[in-house]
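Student: Predicted coordinates and the sequence they were generated for:
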Amino acid sequence: MKAAIASSDTLFVLFGASGDLAWRMVVPALFDLYLDKHLPERFRLLAVGRSDAGDAALAEHYFKGVAENSRRGAPPPDAWQAFCGMIRHIRIDVSAPEDFSKLGKALEIYETEWGGKAERVFYLATPPSLFERIALGLGAAGLSQDRDHVRMVVEKPLGNDLDSFRRINDALCRIFEERQLFRIDHYLGKETVQNILAMRFANPIFEPIWNRRYVDHVTITVAETLGVGKRGGYYEHAGALRDMVQNHLLQLLCLVAMEPPVAYDADDIRDKKVDVLHAVRPIPRDTVDSFAARGQYAEGWIQGAKLAPYRDEADVDPHSNTETYAALKLYVDNWRWQDVPFYLRTGKCLAASVSEISIRFRDVPHRAFPASAGLNAQPTRLIIQMSPEQGIVLKFMAKEPGSQLRLRLVDMRFSYMEAFKTDTPAAYETLLRDVMVGDATLFMRADQVEAAWKLVMPILDVWAENPAADFPNYAAGTWGPESADLLVARDGNSWL
Ligand code: NDP
């Protein structure tokens, strides 16, 4: 059961404190939690870095990060001063074992001052290549041992492929127990993503039709208008399949396709999700072209602005074979979903920034209306909108007013903003609070990550061995390559 407020004293140790993720996501989320009184009264953010930056320089750096990235904008001065009072910079060289003992002593000083054990959260916002070293350092200094009060948070991507995931994970699991490990997929912290479960399992009307008898196919879209920005170096080695599909899109698939949990608790929900991944039909190497499409953006226009091709971005190979777009067709081989295609797509520099899941229902079994009524013009769909709108839309047929019998698709809309009239917390706020109260429901268990890697590996391998002959193959500002449209068109479907 989730507590609303982390009530125990908490020492939050942030490795990679000078990095982009800390600046854009972690610290703004912690500050918003502070404003909402979701941080415990006794809380310290220990910002670990290898530079000599002092507390004041760090606070100034974070001020800008909060002003630009918090959902509330510039911090109110008094609250900011109070929050800064809880930040301490600690200089640590992660390759020096004695520095971990130094960290341990710093933690003990707070606990002595507070008169008891605190929750200790180690958050690794560093390159994944350091995860093993930091885990070993913490382990050797005896900082991982209090299983009930020590947690480790690691960012995605966990590895670059199945082998590297296993290596990193084995290292983490040598030092920490699974219940101490919180693997972030920030998509799972989004309100609308969590609401998929509420919609499906807190209402009696959806579950009876949520299966192969009524659902024709499902599309999951996570589209961005942005390019790679300053992260070309990272993206060049990742690509859309690793960066988005292996984690976010497969997690969305799990939420849509999973069986009802017995209880809303971490293990039960994660069991049901991993069942979905185990049921996904593997894609043999020689059929990759029939089940996956890839793209890379050429120059183009988005909202009146001209965009350079991916290959011209900073830190990107001018002959790059990295995909900035990926689409998959998957089948979930179980009683509920047999033969229902799930189409997944994601990409950069697309026509719109949209994240949504569309459930397309089967056509009516018998057409009682004359063809002139236009019954088959468009099918009934349920759309779960995650961004930019947050809501649920049911598109269904209605009669147009007038003496003629004409049917038209209309929308029944539910909007979170209108219904709840409140700002929703950012995904990182939800996830950080959950870490502090020890609730792992929205985090990925090792078997989930492993199953997701297994699923995408044949595609990654085939794509790496066979550079795309047609890259770049879609103009920035469009909906991606033709091959992705063909992927669904071959089944008589479309992305809409
Ligand atoms: P940055 O490169 O911006 O920051 C990396 C941080 O790690 C810096 O604080 C850096 O310190 C520190 N670091 C790097 N090398 C060493 C080293 N050898 N010893 C000690 N510290 C080191 O990366 P990001 O913040 O973008 O990413 C951090 C993690 O989060 C990565 O795992 C990334 O994949 C993941 N992530 C990032 C996202 C983002 O939007 N940025 C989104 C999702 C995941 P220094 O300043 O001294 O170099």
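Tutor: Thanks, I have it.
Student: so which helix or strand takes in residue 345?
Tutor: Using DSSP states H and E, residue 345 sits within strand 341-347.
Student: helix or strand right after that strand?
Tutor: Strand 341-347 is succeeded, C-terminally, by strand 354-361 (DSSP H and E).
Student: what are the pairing partners of that next one, and which direction each?
Tutor: strand 215-223 (antiparallel), strand 381-387 (antiparallel) (DSSP bridges).
Student: name the helices or strands packed onto the very next helix or strand once past the longest one?
Tutor: I take that to be strand 215-223. Note on strand 215-223: by DSSP H and E, the next helix or strand toward the C-terminus is helix 232-240. Judged by 3 or more CB pairs under 8 Å, 6 or more residues apart in numbering; DSSP states H and E, helix 232-240 is in contact with strand 325-331. Just so you know, the C-beta spots here come from the backbone N, C-alpha and C atoms, and that holds for glycine as well.
Student: Let me see the contact set for the residue in the stretch 351-496 of the chain that the ligand sits nearest to.
Tutor: Closest residue of the stretch 351-496 of the chain to the ligand, CB to the nearest ligand atom: residue 428 (10.1 Å). The contact partners of residue 428, taken as CB atoms under 8 Å, 6 or more residues apart in numbering, are 25-26, 28-29, 186, 189.
Student: how would you label it: helix, strand or coil?
Tutor: Under DSSP: H, G, I helix; E, B strand; the rest coil, residue 428 falls in the helix class.
Student: Just the element for residue 151, please.
Tutor: strand 150-154.
Student: Kindly apply the preceding question to residue 102 instead.
Tutor: Using DSSP H and E, residue 102 maps to helix 97-114.
Student: Could you tell me the angle between that helix and strand 150-154?
Tutor: Calculated by axes from the mean of the first three to the mean of the last three CA atoms, to 10 degrees, helix 97-114 forms an angle of 130 degrees with strand 150-154.
Student: and the helix or strand that comes right after helix 97-114 with strand 150-154, angle?
Tutor: Using DSSP H and E, the helix or strand that follows helix 97-114 towards the C-terminus is strand 119-124. Taking the same axes, to 10 degrees, one finds strand 119-124 and strand 150-154 inclined to each other by 20 degrees.
Student: Can you read off the pLDDT for residue 167?
Tutor: pLDDT for residue 167: 94.
Student: Who are the contact partners of it?
Tutor: 132, 159.
Student: Burial check on residue 180, number of neighbours?
Tutor: Residue 180 has 22 neighbours, counted by other CB atoms under 10 Å.
Student: Not counting sequence-adjacent ones, nearest residue to it?
Tutor: Nearest residue to residue 180 in three dimensions, chain neighbours excluded: residue 151, at 5.3 Å (CB to CB, 6 or more residues apart in numbering).
Student: For the ligand, give me its nearest residue in the protein.
Tutor: Nearest residue of the chain to the ligand (CB to the nearest ligand atom) works out as residue 19 at 2.3 Å.
Student: Let me see the mean pLDDT of the strand holding residue 345.
Tutor: 98.
Student: Indicate each strand paired with the strand holding residue 151 and its parallel or antiparallel sense.
Tutor: strand 119-124 (parallel), strand 181-183 (parallel).
Student: Point out the other helices and strands that the helix or strand just after the first one packs with.
Tutor: Of the helices and strands lying after strand 119-124 in sequence (DSSP H and E), the nearest is helix 131-140. Contacts defined by 3+ CB pairs under 8 Å, 6+ apart place helix 131-140 against helix 97-114, strand 119-124, strand 150-154, helix 162-175.
Student: Can I get these in JSON lines including distance to the ligand?
Tutor: Supplementary listing: those in JSON lines, determined by distance: least, CB to the nearest ligand atom, whole Å:
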{"stretch": "helix 97-114", "distance to the ligand": "10"}
{"stretch": "strand 119-124", "distance to the ligand": "7"}
{"stretch": "strand 150-154", "distance to the ligand": "8"}
{"stretch": "helix 162-175", "distance to the ligand": "11"}
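Student: Tell me which of those lies nearest to residue 368.
Tutor: Ranking the helices and strands packed on helix 131-140 by proximity to residue 368 (CB to CB) places helix 162-175 first, at 52.0 Å.
Student: Let me know the helix or strand that residue 396 is in.
Tutor: Per DSSP H and E, residue 396 falls inside strand 391-399.
Student: Indicate each strand paired with that strand and its parallel or antiparallel sense.
Tutor: Strand 391-399 has these strand partners (DSSP bridges): strand 381-387 (antiparallel), strand 407-415 (antiparallel).
Student: Any chance of CSV for those, columns mean neighbour count, mean pLDDT and distance to residue 444?
Tutor: Below are the strands paired with strand 391-399 laid out as CSV (neighbours: other CB atoms under 10 Å; pLDDT from 0 to 100; distance: least, CB to CB, whole Å):
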stretch, mean neighbour count, mean pLDDT, distance to residue 444
strand 381-387, 20, 96, 18
strand 407-415, 14, 94, 28
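Student: Those strands: which one's closest to residue 308?
Tutor: Nearest to residue 308, of the strands paired with strand 391-399 and by CB to CB, is strand 381-387 at 25.0 Å.
Student: Just the CA trace of the closest one, in CSV.
Tutor: Taking C-alpha atoms only, strand 381-387 is exported to CSV below (Å, rounded to 0.1, in the frame of the first residue of the first chain):
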residue,chain,number,x,y,z
ARG,A,381,-12.3,3.1,-31.6
LEU,A,382,-11.3,3.7,-28.0
ILE,A,383,-8.4,6.1,-27.7
ILE,A,384,-6.4,6.4,-24.6
GLN,A,385,-4.6,9.8,-24.9
MET,A,386,-1.4,10.3,-22.9
SER,A,387,0.0,13.4,-24.5
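Student: Other residues contacting that strand?
Tutor: In contact with strand 381-387 (CB under 8 Å, 6+ apart) are residues 190, 192-193, 195-196, 199, 353-361, 391-395.
Student: Low-confidence bits of this structure, can you list those?
Tutor: 1-7, 375-377 (pLDDT under 70).
Student: and it, which residues reach the ligand?
Tutor: Neighbours of the ligand within the chain, by CB under 6 Å from any ligand atom: 16-21, 49-51, 94, 125-128, 130, 155-157.
Student: Just the buried subset of those, written out for ChimeraX, thanks.
Tutor: To isolate the buried ones among these in ChimeraX, judged by 16 or more other CB atoms under 10 Å, type:
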select :16,17,18,19,21,49,50,94,125,126,128,155,156,157
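Student: Convert stretch 39-50 to PDB, retaining C-alpha atoms only.
Tutor: Output in PDB follows, covering the C-alpha atoms of stretch 39-50 (Å, rounded to 0.1, in the frame of the first residue of the first chain):
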ATOM      1  CA  LEU A  39       9.300  15.100   1.300                       C
ATOM      2  CA  PRO A  40       9.900  14.000   4.800                       C
ATOM      3  CA  GLU A  41      10.700  16.800   7.300                       C
ATOM      4  CA  ARG A  42      14.200  15.500   7.600                       C
ATOM      5  CA  PHE A  43      15.600  15.100   4.200                       C
ATOM      6  CA  ARG A  44      19.000  15.600   2.600                       C
ATOM      7  CA  LEU A  45      20.000  15.600  -1.100                       C
ATOM      8  CA  LEU A  46      23.600  14.600  -1.200                       C
ATOM      9  CA  ALA A  47      24.700  15.600  -4.700                       C
ATOM     10  CA  VAL A  48      27.700  13.400  -5.600                       C
ATOM     11  CA  GLY A  49      30.200  14.700  -8.200                       C
ATOM     12  CA  ARG A  50      33.800  14.500  -9.100                       C
END
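Student: May I see the buried residues of it?
Tutor: 39-40, 42-50.
Student: OK, contacts around the residue in the chain sticking out farthest from the centre?
Tutor: Distance from the centre of the chain peaks at residue 403, with 49.5 Å (CA atoms, centre = their mean). If you count contacts by CB under 8 Å, 6+ apart, residue 403 has none.
Student: What are the phi and psi values at the residue nearest to residue 351 when sequence neighbours are not counted?
Tutor: Once flanking residues are discounted, residue 351 sits nearest to residue 479: 5.2 Å by CB to CB, 6+ apart. Dihedral pair for residue 479: phi -100, psi 20, per degrees, to the nearest 10.
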